[in-house]
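Visitor: here are the coordinates; sequence isn't available:
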Ligand SMILES: C[C@@H](N)C(=O)N[C@H](C)C(=O)O
Ligand SMILES: [Zn+2]
C-alpha cells in the first residue's frame, strides 16, 4: 500500500509537544505496516545495526521508551534510498553502521524528561563533558524530532576488508557526543576525520539525504515524505 493512501485513510490527532504553533500531528498507526514503514533489514538483511536507544549505552543511561527491540524502521521510499546508499558503498568496500532510524514520539518525550532532570548527571563524562545539561535540548536533542517522521537516520561509516571484517571510521567524536566537535564542519577535527565525514556526506547526498550541521551523524531524506505527521508505534 502506498504511503499517500495510508495518509489519506488515517485520522491524525494533534500532540501537545514542542511549541504550540509547531505541534506535530501524531498518526494513530499502531504498527510499521499501517504507517507505511518497512524494516531496513527487509531490504538489506545483513546491514549493520547498532541501535543504542534499545540498550542502556546511550546518553540517557537506560533503554529509551518505545524501543522494545534493536530494529530500524523507515518510511518505504526512505528505506529504499538507504538501501541504494549501502549497495553503492559496498562496491567500494565501505558499509553503513546505523545508530537510530524512526524514533517514536514517546521516546522523544523520554529524552525531554531526561534533559529536564538536571540532578541526573550520570552520563555527562561520556556524552556532554563540556556542555551544561540545560543546553542540550534544542541544538543537540530536539523536542520535536524529525526522527519521529520516519525519514531521519543517525549513522556512520565502516571500512571493510575482503575477509568481511569492518571497522568504523574515525569521525572525530563518538555518536551522540554533544559538543561543537560534533558539528560536521568543525575546524577542530583532523584532515582525516574531515575526509571521513565528507565521504559519509557524499554517499548520503547522492541518494537525497541532507546532513544536519550540528551533528555529523544525522541525515534526513529530502523531500520528507511525511513532513507534517509524526508516529508513535513502538520499535519491536
Ligand atoms: C539525539 C541525537 N541523536 C539527535 O538525533 N538529535 C537531533 C537534533 C534530534 O533529536 O532530532
Ligand atoms: Zn539524529
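Guide: Received, thanks. All values derive from a computational prediction rather than experimental measurement. Ligands and ions are numbered 1, 2, ... in the order given.

Visitor: quick check: mean pLDDT across whichever strand or helix holds residue 78?
Guide: Taking DSSP states H and E as the criterion, residue 78 maps to helix 76-90. Taken as a whole, helix 76-90 has a mean pLDDT of 98.

Visitor: what helices or strands is it leaning on?
Guide: Where contact means 3 or more C-beta pairs under 8 Å, 6 or more residues apart in numbering; DSSP states H and E, helix 76-90 is packed against strand 37-39, helix 40-43, strand 94-100, strand 152-160, helix 191-205, strand 209-212, strand 215-221. From N, CA and C alone the C-beta is placed, and that goes for glycine too.

Visitor: Pull out the buried positions in that helix.
Guide: Buried residues in helix 76-90, counted by 16 or more other C-beta atoms under 10 Å: 76-79, 81-83, 85-86, 89.

Visitor: which residues sit against that helix?
Guide: 3, 36-40, 42-44, 47, 74, 95-96, 150-151, 153, 157, 160, 203-204, 206-209, 221, 225 (C-beta atoms under 8 Å, 6 or more residues apart in numbering).

Visitor: Stretch 228-236 too?
Guide: Against stretch 228-236 from outside (C-beta under 8 Å, 6+ apart): 7, 10, 12, 15, 24-27, 29-32, 34-35, 37, 51, 54, 66-69, 71, 73, 102, 104-106, 144, 148-150.

Visitor: For PyMOL, write the select line for the buried members of those.
Guide: Those of those that count as buried under 16+ other C-beta under 10 Å are selected in PyMOL with:
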select buried, resi 7+10+15+24+26+27+29+32+34+35+37+51+54+66+67+71+73+102+104+105+106+144+148+149+150
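
Visitor: So which of the contacts of stretch 228-236 belong to strands?
Guide: With DSSP state E as the criterion, strands contain 25-26, 37, 73 from among these.

Visitor: Make TSV out of these and add distance to residue 236.
Guide: Shown next, in TSV, are those (distance: C-beta to C-beta, whole Å):
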residue	distance to residue 236
25	23
26	18
37	12
73	10
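
Visitor: Among these, find me the one that's closest to ligand 2.
Guide: Closest approach to ligand 2 among the ones in strands among the contacts of stretch 228-236 (C-beta to the ion): residue 73, at 14.5 Å.

Visitor: got the contact list for that closest one?
Guide: Contacts of residue 73 (C-beta under 8 Å, 6+ apart): 32, 37-40, 101-102, 150, 235.

Visitor: at 10 Å what do you get?
Guide: 31-33, 35, 37-42, 79, 101-104, 150, 231, 233, 235-236 (C-beta atoms under 10 Å, 6 or more residues apart in numbering).

Visitor: now swap in residue 110 and tell me
Guide: Here residue 110 is in contact with 53, 60, 62-67, 103-104 (C-beta under 10 Å, 6+ apart).

Visitor: Quick check: bridge partners of the closest residue in space to residue 212 that isn't next to it in sequence?
Guide: Spatially, and ignoring its direct neighbours in sequence, residue 212 is nearest to residue 218 (4.1 Å; C-beta to C-beta, 6 or more residues apart in numbering). Note on residue 218: beta-bridge partners residue 154, judged by DSSP bridges.
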